[in-house]
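In: Output the structure for:
(3 chains)
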Amino acid sequence: MILTRGKKGQEYRTEQINLQENLLRRLEVLGLTEGTVISVVNKNFNGSMIIRVRGTRFAIGKKVAEGIFVREVKQK
Amino acid sequence: MTNVAFIGNPNCGKTTLFNAYTGAKLKVANWPGVTVEKKEGAFRFHNGNFKLVDLPGIYSLTSYTMEEIVSRDYILSDEVDVIVDVIDASALERNLYLALQLIELGKPVVLAFNMMDIVKERGMEIDFHRLPEMLGTPVIPISARKRSGLDILMHTVAHHKENDSNKYFEHHHEEESLHKHDHHKEFAMVYSDEIEDKIDVVSKRLSKKYKEIQNVRWHSIKILERDAEILKKYPIETEDILTKNYETEIINQKYDFIHEVIHECLVNKTEKEVFTDKIDRLLTNRFLGLPIFLMIMAVVFFLTFRIGDALKEVFAGWLDIFSAWSEAVLLALGTGEVLTSLIVEGIIAGVGGILTFLPNIFILFLALAFLEDSGYMARVAYVMDGIMEKVGLSGKAFIPMVLGFGCTVPAVMASRTLENPRDRLKTIFITPFMSCSAKIPIYVLFSGMFFPENPALVAFSMYVIGLVLGIVVALVMDKLDKKSSDDLLLIELPEYKTPSLRTVIIYVWSKIKDYLTKAGTTIFVASIILWGLLNFNVTGLVADSSESFGAQIGAFIVPALKPAGLGYWQIAVALIAGLAAKEVVVSSMSVLYGIEDISSNAGMSEMMVLLAAQGFGALNAFCLMIFSLLYVPCVAAVATIRKETNSTKHTVFSIVFQLFIAWVMATLVYQVGSLFVG
Amino acid sequence: MARVIIIGILLGYCAFVIYRKVKNVKAGKFCDCGCSSCEAKCHKKEERKQD
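Out: A predicted model of the protein is given here:
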């Protein structure tokens, strides 16, 4: 599923990132690569969201979130 | 001489540290050929000379942005003896990524773990014995804000310059490496066997073909990552071994290792994260986020006007005393009436009038400093993303707009953070609509005179009008433009922290200093020129200022201002003078009407009587405020727009456009308002 | 006498302010350069000390 459909407070593992090259690179150096666990901290009405990746919070726009494909991580 | 390069993630406190060492002794230079700036400073420590270079804040050493390329080339050059990587120890995971890349370069690296005060505050502990074992570099805990650990860091730098050879690594990796050389004794960062095999092959080919390469391992890793710069510089045959791009794997493995490091060296990790999340649950709540932001801004402006007003009266009292005293002294010295008039009615009234607004300015910047240093500003970008998206901009474009409430000059420059040129241009066009601090005296004066019941509310309405108009203009531009923005929101949200007193004081003091400098230079000279224009004409000294040069110039544009309710030559002169700096609108009013204490209650009522006699009422005052809010920003802002857009066409457009909007809005309000007021 | 001195000081100061402003603008600095946090980063320059 795409990240925009993620629920608040839930963790997801990225499976695929389909974004333009330069954005993809920016995400990569911030530690968001395929296989990274993302937790959704907050969601806005327009689809932008706050996520936590490797200990750092980021605000990402809807168009960024739409390019990230994730799978839910089962919580213990 | 030891050359030390300071490097680190954005927001890691690098510049604070740099300033702590060099004080004011720094030199700013541009990198040759590019617009990225570097700062240099020299200082002596224990008989050793150090040259420090502050590099731009970056997240990694790839070659995708100008900052990264510039920093990387500089670090690789012989000009650097020791690299100091400044690490925000409160965000260790991300900061260690750059550290691992730097260690891989093979140059002497010292890790400065900054923000240790925050780490302690959060109850976290870091194992400084284990860290160097795992990373093979000295790790020094410091706090740039509290200025602790600075001597130890420089001491380590001085020693580490010579002996970086006796590194030793102690890792407890779970799986045994089957690789033929055990790299775990040589390097901090060791990859999977598959990648290490590839590195070995590439290294062999590289060192055979290019004997001059010093750190072959790093270059080989870069080739595995398909780094454009390195591939261009050292082309080698790789098709047979590199069947895919290893970049993602290399990044992931680095982060895996970081995970290992953090697992072993960081104790009590999660305590305070919960704290930031709790605040964020409220401040970035999808329903409450926007109202809370508007409320915070409203509180900031009401504080600015209410507290500022109370203090202003005290200042105005002092000004009165000073003004009367100067007049007496000057007359006693026998300086004559004309010169006394110049000094008392021209300079003291003009400059002094502006100085009495210092409390307002102080409180506004104090509040803005708190918002910036607490970490809230980045959240504003997220909260406003919904609205900004509708007008074709990302939430990030809202940060320059908020900064515009302080001063247009740095706000226009802050639009650099937007990568898309169209978005930058749009943001630069709308930023001047944000009511800057120089317009505060205008609001205080005119809303105080004509709206005595609700002066703060009327002043606040100016901020709202500016903000709404800016957003509407962006919307219209977006509709005309058609092409949608692709500058997407991606911004780091720092953890909330109590603003540091030091940072806030430095920030506010620099603004106060700026304001005082402006009063002492620009406004000083403008007041003298204005006095000259109002007291002379071609025949020499005039008794009545309505026959002066100033009146003639003002009369020339009065017809244009008439529909907006501003058809008075004095107002015209004040508005023209205001182009030098917006405060001058107020200081010139005092010179124009010959009022020595314009900001005191007595001065205001005196002025009001004079204005009322001309038929200038509350509606005219409101239109004047609107016009002042929207028309061409001061010369400094226009020059900044010229510099940032690098286009005379866009600058001229911006000037004409602002004038047009200001005139249309003021005229609209005046004409519609006249129907009701009669 | 006092008149001459005061006029002299005023003229001198104005000339200085205008001269400095013109110099700053020519050097690409448009504001009063007092804000340390400003992106213009136009801090006072110091000649680099020779090694």
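In: per-residue confidence for residue 15?
Out: This is for chain A. As summarised for this prediction, A:Glu15 has a pLDDT of 91.
In: That was the other one, I meant chain C.
Out: The predicted local confidence for C:Ala15 comes out at a pLDDT of 92.
In: count of neighbours near it?
Out: For C:Ala15, the neighbour count with other C-beta atoms under 10 Å in any protein chain shown is 11. (C-beta placed from N, C-alpha, C; glycine too.)
In: Roughly how far does it sit from chain B?
Out: Relative to chain B, C:Ala15 is positioned 10 Å away (criterion: C-beta to the nearest C-beta, to the nearest Å).
In: Quickly find the element holding that residue.
Out: Assigned by DSSP states H and E, C:Ala15 belongs to helix C:2-26.
In: which other helices and strands contact that helix?
Out: Other helices and strands packing on helix C:2-26, by 3 or more C-beta pairs under 8 Å, 6 or more residues apart in numbering or on different chains; DSSP states H and E, are helix B:289-333, helix B:337-341, helix B:524-535.
In: try 7 Å this time
Out: Applying 3 or more C-beta pairs under 7 Å, 6 or more residues apart in numbering or on different chains; DSSP states H and E, we find helix C:2-26 packed against helix B:337-341, helix B:524-535.
In: That helix vs helix B:524-535, what angle?
Out: Here the directions of helix C:2-26 and helix B:524-535 differ by 120 degrees (axes from the mean of the first three to the mean of the last three C-alpha atoms, to 10 degrees).
In: how far off helix B:289-333 does helix C:2-26 point, in degrees?
Out: Orientation of helix C:2-26 against helix B:289-333 (the same axes, to 10 degrees) gives an angle of 150 degrees.
In: ok so, going back, I'd like to know which of the helices and strands packed on helix C:2-26 is closest to chain A.
Out: Distance to chain A, taken as C-beta to the nearest C-beta, is lowest for helix B:524-535 among the helices and strands packed on helix C:2-26, at 42.9 Å.
In: gap between the nearest residue to B:Phe398 once chain neighbours are set aside and B:Glu79?
Out: Leaving out its chain neighbours, the residue that sits closest to B:Phe398 by C-beta to C-beta, 6 or more residues apart in numbering or on different chains is B:Met384, at 4.2 Å. In this structure, B:Met384 lies at 42 Å from B:Glu79, with C-beta to C-beta, to the nearest Å as the measure.
In: which residues sit against the helix or strand of chain A with the lowest mean pLDDT?
Out: Taking mean pLDDT, DSSP states H and E as the measure, chain A has helix A:21-29 as its least confident helix or strand, at a mean of 82. By C-beta atoms under 7 Å, 6 or more residues apart in numbering or on different chains, the residues outside helix A:21-29 that reach it are A:Ile17, A:Val64, B:Tyr59, B:Ser60, B:Thr62, B:Tyr64, B:Ile251, B:Leu488, B:Leu490.
In: Who are the contact partners of the first one?
Out: Spelled out, that is A:Ile17. A:Leu24, A:Leu27, A:Glu34, A:Gly67, A:Ile68.
In: what's around residue 26, how many residues?
Out: Just going to use chain A. Using other C-beta under 10 Å, the number of residues around A:Arg26 comes to 20.
In: Sorry, I should have been clearer: chain C.
Out: Applying other C-beta under 10 Å, I find that C:Lys26 has 8 neighbouring residues.
In: and what of B:Phe429?
Out: 22.
In: so how far is stretch B:349-362 from its chain's centroid?
Out: Here the centre of mass of C-alpha atoms in stretch B:349-362, compared against the chain's by C-alpha atoms, centre = their mean, to the nearest Å, lies 24 Å away.
In: For that stretch, measure first residue to last.
Out: Terminal residues of stretch B:349-362 lie 21 Å apart, using C-alpha to C-alpha, to the nearest Å.
In: so what's the residue of chain B found nearest chain A up against?
Out: Nearest residue of chain B to chain A (C-beta to the nearest C-beta) works out as B:Leu489 at 3.2 Å. Residues near B:Leu489 by C-beta under 7 Å, 6+ apart: A:Ser48, A:Ala59, A:Ile60, A:Gly61, A:Val64, B:Ala381, B:Asp385, B:Ser394, B:Gly395, B:Lys396.
In: One more pass at 8 Å, please.
Out: Taking C-beta atoms under 8 Å, 6 or more residues apart in numbering or on different chains as the definition of contact, the neighbours of B:Leu489 are A:Ser48, A:Ala59, A:Ile60, A:Gly61, A:Val64, B:Ala381, B:Tyr382, B:Asp385, B:Ser394, B:Gly395, B:Lys396.
In: quick one: which of those residues is nearest to chain C?
Out: Distance to chain C across these (C-beta to the nearest C-beta) is lowest for B:Lys396, with 14.9 Å.
In: my read: the closest one touches B:Ser415, true?
Out: No: the pair B:Lys396 / B:Ser415 is not scored as a contact, 9.6 Å apart, by C-beta atoms under 8 Å.
In: Now distance to chain C too, for the contacts of B:Leu489, in a markdown table please.
Out: Rendered in a markdown table, the data for the contacts of B:Leu489 read as follows (distance: C-beta to the nearest C-beta, whole Å):
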| residue | distance to chain C |
| --- | --- |
| A:Ser48 | 26 |
| A:Ala59 | 21 |
| A:Ile60 | 25 |
| A:Gly61 | 23 |
| A:Val64 | 25 |
| B:Ala381 | 17 |
| B:Tyr382 | 22 |
| B:Asp385 | 22 |
| B:Ser394 | 19 |
| B:Gly395 | 19 |
| B:Lys396 | 15 |
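In: now these in TSV, with pLDDT?
Out: Compiled in TSV, the contacts of B:Leu489 are given as follows (pLDDT from 0 to 100):
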residue	pLDDT
A:Ser48	89
A:Ala59	92
A:Ile60	92
A:Gly61	89
A:Val64	89
B:Ala381	89
B:Tyr382	91
B:Asp385	89
B:Ser394	84
B:Gly395	87
B:Lys396	86
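In: Around chain B, which positions in chain A sit nearby?
Out: By C-beta under 8 Å from any C-beta of the partner chain, the residues of chain A that approach chain B are A:20, A:22-23, A:25-31, A:33-36, A:41-46, A:48, A:50, A:54-64.
In: Any of those residues buried? List them.
Out: When burial is judged by neighbour count using 16 or more other C-beta atoms under 10 Å in any protein chain shown, the buried members of these are A:23, A:25-31, A:33-34, A:36, A:41-44, A:46, A:48, A:50, A:54-64.
In: What about those, which are in helices?
Out: Where these overlap with helices, as defined by DSSP state H, the overlap consists of A:Leu23, A:Arg25, A:Arg26, A:Leu27, A:Glu28, A:Val29, A:Lys62, A:Lys63, A:Val64.
In: gap between the first one and A:Gly61?
Out: It refers to A:Leu23. Going from A:Leu23 to A:Gly61 by C-beta to C-beta gives 10 Å.
In: Ok, the third one next?
Out: Using C-beta to C-beta, we find A:Arg26 at a distance of 13 Å from A:Gly61.
In: what is in contact with these two at once?
Out: With contacts taken as C-beta under 8 Å, 6+ apart, the residues that reach both A:Arg26 and A:Gly61 are B:Leu490.
In: so which one among the contacts of helix A:21-29 has the lowest pLDDT?
Out: When these are sorted by pLDDT, the bottom entry is B:Tyr64 at 71.
In: what's near enough to touch it?
Out: For B:Tyr64, the contact set (C-beta under 8 Å, 6+ apart) comprises A:Asn22, A:Arg25, A:Arg26, A:Val29.
In: change it to 10 Å
Out: By C-beta atoms under 10 Å, 6 or more residues apart in numbering or on different chains, B:Tyr64 lies in contact with A:Glu21, A:Asn22, A:Leu24, A:Arg25, A:Arg26, A:Glu28, A:Val29, B:Asp227, B:Ala228, B:Glu229.
In: same thing with B:Ile103?
Out: B:83, B:85, B:96, B:109, B:111, B:135-137, B:167, B:187-189, B:218.
In: Thank you, goodbye.
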